[in-house]
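show me how the following folds:
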Amino acid sequence: MRECVFRALLQKNIFYFDTHTTGELSTILNINISKIHDGIGDKLALLIQSIAKFVISLIVAFFRGWKMTFVMLSLAPFILIVSIISSKMFGKLFAQELKAYERAGAISEEVFSNVRTVFAFNGTKHEQTRYEKHIESARKHAIKKGAISGIIIGLMYFIFFASYAISFWYGNYLIHNENYDISNVIFIFFNVIMALLSLGRSTTYRESINQAKIAAAPVWDILRLEEQTICTTDRKIPNMNFCGKVKFNNVFFSYPSRPDMVVLRGLTFEAEAGQTLALVGKSTCMQLLQQFYKPTRGQIMLDDQSIECFDSQELQRKIGVVNQEPVLFATTILKNIQYGQPNATFADIQAAAMTANAHNFIMSLPDKYDTVVGEYGTQLSGGERQRIVIARALLRNPTLLLLDEASSALDNQSEKMVQQALEKASKAQVFQEPFDEVDDNIPSSPELTPFIKNSGDSDSEDEKSILQKDENKIKINSKKKIHWPSLAILKMNRPEILLIIIGALASMFNGGFEVGTCALLGEIVGNFMFACSGEALTKRLRAKAFQAILRQEIAWFDHPDNNTGALCTRLSSEAATIQGVAGARIGVILSTVGNLSVGITIAFIFGWKLSLVALGFVPFMVIGGFLQIRLMYGYSSQNNKAFQCAGSLAFQALQNIRTLRQLTLEMQFINNYYHLLDIPYRSSIRRTYIFALAYSFTSSTAFFSMAAVFFYGGILVKRNEMLFKNVMIVVNCIIIGAQSVPYSAAMVPDYGKAVSAARRMLALFAREPKISIDLHGSKLKNFTGDIHFKAVNFAYATRSRVSVLNNFNLDIKSGQRVAIVGMSGNGKSTLLHLLERFYDVQSGSVLIDTKDLRDINLHWWRSQVGMVSQEPTLFNVSIAENLAYGDLSRQVTIEEIIEAAKNANIHDFIQRLPQGYDTCVGFKGGQLSGGQKQRIAIARVLIRNPKVILLDEATSALDSENEKAVNEALIHVVTGRSSIVVAHRLSTIQDADLICVLHNGHIVETGSHHQLLTKKGYYYKLSQCIR
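Below is the predicted model:
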């Protein structure tokens, strides 16, 4: 089923993902399908077993005496009415609970994937509050669900025991008036009791199946939304010979998620095959050419044929795309490039990398082409990522090459080389460039240049072992502390200890004194109390896990096991699984304990010999139950890794669906997903046989005990060692107790999974971060803004043999504007990461006003720093909320927001939107262009009003007009503040107080723009590459 849903999602049209976040879809793949699995797995088998027992017992009872059977079933219609009403109420609440968890999942996915931005803006508490809001909503719905469940089950038991009273009265009447003998009455009575108990015990199983039905609703929606699924079966040109002629004829377009905002108004242009076409201002045209969307009106022609006549996948194979924000998958460099052409040889891949000026830096890595790039390619610099994406596009040898700010992240030398390679490599090119680069990057005599303005806007083995040793050390230390995971989890339920005690007493009272009123009150009180305590624990676990994840250092997120997909999978599934050791199932187990305890006690009072026979079977039941727990614990531990890997792969695919579609990798990812799921599937097949034997052994032992008691009871009566009355009392106690054993045994798989999940979650709680964000360290009282790098050496933990900074020294005076330039991959962005203290230096020190950064309160320090990254990160909230994120320590007024937007030259655009500042920007700002996102990110920093400003290619996505306006605003803001600017465009840093040229991890030149040009060294060579 997971494979079917994943396959269906990868076949959806792109606009489906404009309204559905990756977090929501991941929650459906994890929680919903797990609920369905519970409903159609062993719970369904147990329900069928209960129904079979119910039907067969009634058939036998009817055969022996229909009158008494009918009377005992006279209250059955009430059971049916209660079941129908409860099912509707229960379903509605469960659907609301799932929806709340979907929203929480979307937030966790967004936060983990943008964790650097969250840390930079001290947003952990804000995100914690945002996350807890939704899990609190889920908790309230779940408590109501538990209360209803208790009332329903209690009413059912009340009706059952009321029918017992009727049966005793009517049985006595039949013996005296209808020639029924006592053996018939007893036989009918026990068969109907067994039938009714089976029906009552099936309530929990039916709840699981009802939950599965509700959880299946969004799954079914995904599978049956044919109108939102790409279709390739009715195309007119399945095998096309596309030459590259492109024509837009009076094209109008609005995004489906914003139909009121027209992006293209009557766009018309034409480009012949082999021409170079420069489009300034429109990424939308590229999305239309890739068939991500259809025009609202007008027509797009390829080789004089409507684009709709072409098979979408065939067309994608003819197109190469390089986006402004490069997307890499969490695999090796070799695999990332090979995605462009799966059949390419290693020589082809090397040639493409050389053309993209990527080969040299790849060969300098310890694992070379086998280097793992990490999630989102974070183990590489922006320029390195861009070059790999360009190599991937060139390997495709496309007929049509679409470049959306393809060289914005490159240094000048790399940009010049790549531009020359791109011009030779393609027959037709469509550039999307800012205005100031039109003269530089477009050939001097382009055939056609329409300006669209108002038509709408490594791991090496050593490194792996280091990381593994670190994680193993954590696991070993954690295991030393976690001897009893169930007990440790229950300790977290301490605030609800009174509820647990009341629930436990109610459950044991219900089990020990199973009569009508006791059952009614016991079930209502027990279920409600355990629902309250269990859901409080679930919320606390989710919240604490979310907090524990956000407490870790950035290097922890760089580890392959801690990618966003794996973390979301763990967060969404493990807390719910752990509820199995503290939720309503505890009530079931305690009820069984009470049932057996009181039953055995009464049995010993009235016949100790017969009771000893029954008690002799208890060890076998315990052994069977223990065996089931061990089997399920082992199974859960072994397959957790496979499910996490599958979840990570699905997350990557859904989050990067546009790139996946561009590269036509759908089937490859579907096959990989299938193979990952095949591991736990095959394991579960083997486990099922053993588990079935263990369960049947435990359940059958209860019935063998009943048979033995009947047999030996007859012998004792025959010997006159026991009265028949006493034998019947003992038999009744044993039967009722034995009936509850299989019911509790059915809970064992959930308990085994819960213990396994508890160990993993407690290990997460126990891990101490290497860079703590707790409120320790000093705050500088008279902070001036002096920054000093002293003999700094640094290498990323995932590539410990590659030194990024070597004996790096730099002094930045208060209020000084320092620019860092150099080739891509030389450590420019790393300097900013060290200043944000995302990482700590290996040796040397970073001093802030003579104070070591490691001794300064981290929360305070980050509040003094404002950073604009090369790839701006926005959250899936309104524009106003994104801007207010700049300063979460106070309530930012709308006047401040508007002023910051004006200074960043984004206010006019926002005003043109239908909802203005209340417009939701979509996941990762997907509803906005790169330049618009960049300006909002700049405005967000202006709200912060920091004393230190870090700009990492902050204006790379802006056109010349906006760049000029924003630079003026930034110059105004940085006045009197220390600032570090990382830039490739030398025109943006000519007014810097100090320019530093970084090469091979250390500074090789410093000076002003004119001084460095006069030296005719590294800086001079960089400046010459522009021309």
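
tell me where the stretch 551-700 of the chain has strands.
With DSSP state E, counting those that start in this stretch as the definition, the stretch 551-700 of the chain shows no strands.

where in it is pLDDT low?
579-592, 595, 622, 625-640 (pLDDT under 70).

domain boundaries for this structure, per the record?
Domain assignment for the chain by automatic domain parsing gives 2-226+466-766, 246-441, 787-1024.

and the ones you listed as CSV, adding distance to Leu780 and mean neighbour count?
All C-beta spots, glycine's among them, are computed from the backbone N, C-alpha and C. Compiled in CSV, the domains of the chain are given as follows (distance: least, CB to CB, whole Å; neighbours: other CB atoms under 10 Å):
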stretch, distance to Leu780, mean neighbour count
domain 2-226+466-766, 16, 19
domain 246-441, 30, 20
domain 787-1024, 6, 19
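
could the ones you listed go into JSON lines alongside distance to His776?
As requested, the domains of the chain are exported to JSON lines (distance: least, CB to CB, whole Å):
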{"stretch": "domain 2-226+466-766", "distance to His776": "13"}
{"stretch": "domain 246-441", "distance to His776": "28"}
{"stretch": "domain 787-1024", "distance to His776": "7"}
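
helices of the stretch 851-1000 of the chain, start to end?
In the stretch 851-1000 of the chain, helices defined by DSSP state H, counting those that start in this stretch lie at 858-863, 879-884, 894-903, 907-912, 930-944, 960-974, listed in chain order.

mean confidence score for the helix or strand that contains Ala212?
Assigned by DSSP states H and E, Ala212 belongs to helix 182-224. The pLDDT scores in helix 182-224 average 78.

now do stretch 342-354
pLDDT averaged over stretch 342-354 gives 89.

so where is the stretch 851-1000 of the chain shaky, pLDDT-wise?
Those would be 956-962, 965-966, 969, 972-973, if you go by pLDDT under 70 across the stretch 851-1000 of the chain.

does Gly377 touch Arg387 like I think?
No. When contacts are counted by CB atoms under 8 Å, Gly377 is not listed as touching Arg387 (11.0 Å).

how much space between the residue nearest to Ile159 when sequence neighbours are not counted and Ile81?
Using CB to CB, 6 or more residues apart in numbering and skipping the chain neighbours, the partner closest in space to Ile159 is Leu75 (4.8 Å). Taking CB to CB, to the nearest Å as the measure, Leu75 and Ile81 are separated by 11 Å.

what's the answer for Gln1011, then?
Gln1011 is 90 Å from Ile81, by CB to CB.

how about Tyr674, what does it touch?
Going by CB atoms under 8 Å, 6 or more residues apart in numbering, Tyr674 touches Glu3.

Ser778 is nearest to which of the domains of the chain?
Closest to Ser778 of these is domain 787-1024 (CB to CB; 6.0 Å).

chain center to that closest one: distance?
29 Å (CA atoms, centre = their mean, to the nearest Å).

could you tell me the end-to-end distance of it?
31 Å (CA to CA, to the nearest Å).

how about stretch 994-1011?
10 Å.

report the separation between Asp908 and Gly916.
Taken as CB to CB, the span from Asp908 to Gly916 is 11 Å.

cool, and Leu199?
Applying CB to CB to Leu199 and Gly916 gives a distance of 59 Å.

ditto for Arg719
Applying CB to CB to Arg719 and Gly916 gives a distance of 93 Å.

which residue ranges of the stretch 101-250 of the chain form helices?
Going by DSSP H, counting those that start in this stretch, the stretch 101-250 of the chain shows helices at 115-120, 124-177, 182-224.

got it, and the stretch 651-800 of the chain?
657-662, 666-718, 724-745, 748-766.

I figured Thr296 was touching Pro256, is that so?
No. Shown here, Thr296 and Pro256 do not form a contact pair, counting by CB under 8 Å, at 9.6 Å.

identify the contacts common to those two.
Contacts common to Thr296 and Pro256, judged by CB under 8 Å, 6+ apart, are absent.

now the closest residue to Arg940 other than its chain neighbours. Its backbone dihedrals?
Using CB to CB, 6+ apart and skipping the chain neighbours, the partner closest in space to Arg940 is Gly886 (4.1 Å). Phi and psi for Gly886, reported as degrees, to the nearest 10, are phi -60, psi -30.

list the contacts of Gly886.
Here Gly886 is in contact with Phe121, Gly866, Val892, Ala900, Ala939, Arg940, Val941, Leu942, Ile943, Arg944 (CB under 8 Å, 6+ apart).

nearest residue to the third one in space, ignoring adjacent ones along the chain?
Right, Val892. Ala884 (4.1 Å).

pretty sure the one you found is touching Ile894, no?
No. Taking CB under 8 Å as the definition, Ala884 is not a contact partner of Ile894, at 9.1 Å.

enumerate every residue touching the closest residue to Ile1003 other than its chain neighbours.
Nearest residue to Ile1003, sequence neighbours excluded (CB to CB, 6+ apart): Cys996, at 4.9 Å. Shown in contact with Cys996 (CB under 8 Å, 6+ apart): Leu810, Val818, Ala819, Ile820, Val821, Ile1003, Glu1005, Thr1006.

out of those, which one sits closest to Arg139?
Taking the contacts of Cys996 together and measuring to Arg139 by CB to CB, the closest member is Ile820, at 48.6 Å.

residues contacting that closest one?
Lys828, Leu831, Ile980, Val981, Val982, Ala983, Cys996, Leu998.

wait, is it part of a helix?
No. The assignment for Ile820 (DSSP: H, G, I helix; E, B strand; the rest coil) gives strand, which keeps it out of a helix.

got a pLDDT number for it?
At Ile820, pLDDT is 90.

now Glu227
50.
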